[in-house]
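>>> No sequence on hand, only this structure:
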């Protein structure tokens with residue numbers, strides 16, 4: 001079955017939908033049983049009981065979980081109230097005091113904070129590694145290394161990792177491989193075919209697609225699904241059925257939205273690539289992006305998120321660029337229908353395994369669904385403001 005067809009059809013088992021096209025919203029904390037035998041069976045087999053307690057989920061959740069698990073190629077999917085919660089609960093499900101974690105140096109900054117603050121306090125040590133390390137990861141593995149965490153492309157600087165190589169080496173040492181797979185979404189890569197054990201999504205981004213729901217997902221292979229499911233349950237994670245409904249609805253248009261985001265972003269990126277002010281693009285589909293060869297091998301498409309580096313500039317020049325935009329808005333997150341812009345400083349201060357040239361400013365864009373002529377006109381005016389400061 002092709003991806004476009006899967007997106008439309010998955011998660012629509014009549015057991016959950018009752019024959020309705022969209023799974024209804026079941027709001028429930030308590031599930032009731034007719035007999036003591038039913039209740040005792042559910043209590044004894046709560047991990048596999050379809051209806052047990054609201055925190056385990058209901059039909060709305062089960063339909064969405066089934067769709068995500070099949071799209072990503074895993075066995076089961078756990079739901080969380082945010083992408084950060086999906087990351088933290090995945091890590092806490094497989095790490096304990098005395099364990100060692102290998103964390104990619106280009107990770108999402110809240111992931112790094114989790115390692116440095118919470119996990120460190122639990123007696124879990126973290127080593128940050130160069131996202132482009134490849135075979136060199138062997139040298140960083142310790143006897144107590146339990147998890148290898150990947151994020152590909154990396155946050156902000158967009159390095160694409162050699163996921164199959166890293167996964168193969170990790171499995172030689174019985175290390176669990178986790179991947180923040182948000183950029184690819186569930187449809188633009190096949191994480192489990194590359195050796196990943198747990199694929200994590202900030203569903204807040206492209207799955208929901210409308211900037212109105214916070215949600216995270218973690219999908220596991222057969223070997224690790226039970227531990228992820230049960231430990232996340234013990235940590236008290238659950239999601240609102242109303243939010244899950246919106247995520248399910250957003251999922252149905254994921255393919256067509258991503259295709260348009262990609263088309264728009266490539267047009268804008270090619271235009272930026274011709275600008276004399278731009279040093280290079282950090283877009284996985286361009287050969288100036290580290291790991292571009294892995295993007296071509298491991299991804300089926302790109303999306304609307306990328307960065308570019310300017311040849312020069314300071315805070316004043318970048319501020320002139322990003323302020324007073326007409327169509328681009330300043331804001332965190334991405335993946336909605338709108339275009340966003342961020343001038344990013346201080347990358348060198350949050351990297352320890354790699355270096356970053358802070359003399360060349362980086363600007364991150366999320367290209368939305370607006371007409372690209374309007375977006376390019378907006379960026380043209382931004383360059384005019386920027387150049388007025390540079391040439392002053």
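It's in. Source: prediction; values computed, not measured. Residues are numbered from 1 along each chain as shown.

>>> For the rest of this, base every contact and every neighbour count on C-alpha atoms.
Will do.

>>> And the contacts of the helix or strand residue 377 falls within?
Using DSSP states H and E, residue 377 sits within helix 372-390. Helix 372-390 is contacted by residues 264, 267-268, 271, 313, 316-318, 320-322, 325-328 when judged by CA atoms under 8 Å, 6 or more residues apart in numbering.

>>> same deal with stretch 145-159?
With CA under 8 Å, 6+ apart, stretch 145-159 has contacts from 91, 94-95, 99-104, 106-109, 131-132, 160-161, 163, 170, 174-181, 183, 282-284, 289-291, 306-307, 364.

>>> Might you specify the subset of these located within strands?
100-104, 176-180, 282, 306-307, 364 (DSSP state E).

>>> Which positions in the one helix or strand residue 294 maps to come out as buried?
Using DSSP H and E, residue 294 sits in helix 292-298. Going by neighbour count (16 or more other CA atoms under 10 Å), the buried part of helix 292-298 is 292, 293, 294, 295, 298.

>>> give the contact list for residue 353.
Contacts of residue 353 (CA under 8 Å, 6+ apart): 105, 128, 129, 130.

>>> Look up phi and psi at it.
Main-chain torsions, residue 353, degrees, to the nearest 10: phi -100, psi -10.

>>> And for residue 77?
Per degrees, to the nearest 10, the backbone of residue 77 is at phi -130, psi 130.

>>> can you tell me how far residue 309 sits from residue 93?
Per CA to CA, to the nearest Å, residue 309 is found 37 Å from residue 93.

>>> Any idea how far stretch 360-373 is from the middle of the chain?
In terms of CA atoms, centre = their mean, to the nearest Å, the centre of stretch 360-373 is set 19 Å apart from its chain centre.

>>> what pLDDT, on average, does that stretch get?
Here stretch 360-373 scores 98 as its mean pLDDT.

>>> buried set for it?
360, 361, 362, 363, 364, 365, 366, 367, 368, 369, 370, 372.

>>> ok, now stretch 18-32?
22, 23, 24, 25, 26.

>>> Residue 211: what's it in contact with?
Residue 211 neighbours (CA under 8 Å, 6+ apart): 204, 205, 334, 335, 336, 337.

>>> Please identify which helix or strand holds it.
Counting by DSSP H and E, residue 211 is part of no helix or strand.

>>> Verify the stated contact: residue 69 with residue 75.
Yes. Counting by CA atoms under 8 Å, residue 69 does reach residue 75; the two are 6.0 Å apart.

>>> list the residues that contact both of those two?
residue 219.

>>> Can you show me the helices along this protein?
3-9, 14-17, 36-44, 59-72, 83-94, 109-113, 120-121, 163-172, 222-234, 241-251, 254-273, 292-298, 315-322, 372-390 (DSSP state H).

>>> Of the ones you listed, flag the one that's most buried.
For those, the largest average neighbour count (mean count of other CA atoms under 10 Å) is found in helix 59-72, namely a mean of 24.

>>> what's the distance between it and the middle of its chain?
The answer for helix 59-72 is 17 Å, by CA atoms, centre = their mean.

>>> Residue ranges in this protein under the pLDDT threshold?
45-50 (pLDDT under 70).

>>> Recalculate using a threshold of 80.
1, 15-18, 41-54 (pLDDT under 80).

>>> Geometric centre of it: which residue is closest?
residue 182 (2.0 Å; CA atoms, centre = their mean).

>>> who's the spatially closest residue to it that is not a sequence neighbour bridged to?
Spatial nearest neighbour of residue 182, chain neighbours left out: residue 201 (4.6 Å); criterion: CA to CA, 6 or more residues apart in numbering. Beta-bridge pairing of residue 201 under DSSP bridges involves residue 217.

>>> residues touching residue 201, list them.
Per CA under 8 Å, 6+ apart, neighbours of residue 201: 83, 86, 180, 181, 182, 185, 186, 216, 217, 218.

>>> Columns distance to residue 277 on top of those, output as CSV?
Putting the contacts of residue 201 into CSV (distance: CA to CA, whole Å) gives the following:
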residue, distance to residue 277
83, 35
86, 39
180, 32
181, 31
182, 30
185, 31
186, 35
216, 37
217, 39
218, 40
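
>>> So which of these wins on neighbours?
Ranked by neighbour count (other CA atoms under 10 Å), the contacts of residue 201 have residue 218 at the top, with 34 neighbours.

>>> residues touching the closest residue to it other than its chain neighbours, list them.
Of all residues not flanking residue 218 in the chain, residue 200 sits nearest, at 4.4 Å (CA to CA, 6+ apart). Applying CA under 8 Å, 6+ apart, we find residue 200 in contact with 83, 86, 87, 178, 179, 180, 181, 182, 216, 217, 218, 219.

>>> Any chance of these in TSV with distance to residue 12 as columns?
TSV is the format used below for the contacts of residue 200 (distance: CA to CA, whole Å):
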residue	distance to residue 12
83	24
86	24
87	27
178	28
179	27
180	26
181	24
182	23
216	21
217	19
218	20
219	19
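
>>> Save the helices of the chain as CSV, and put in distance to residue 151 too.
As requested, the helices of the chain are exported to CSV (distance: least, CA to CA, whole Å):
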stretch, distance to residue 151
helix 3-9, 23
helix 14-17, 33
helix 36-44, 38
helix 59-72, 16
helix 83-94, 11
helix 109-113, 10
helix 120-121, 20
helix 163-172, 9
helix 222-234, 19
helix 241-251, 22
helix 254-273, 19
helix 292-298, 13
helix 315-322, 27
helix 372-390, 28
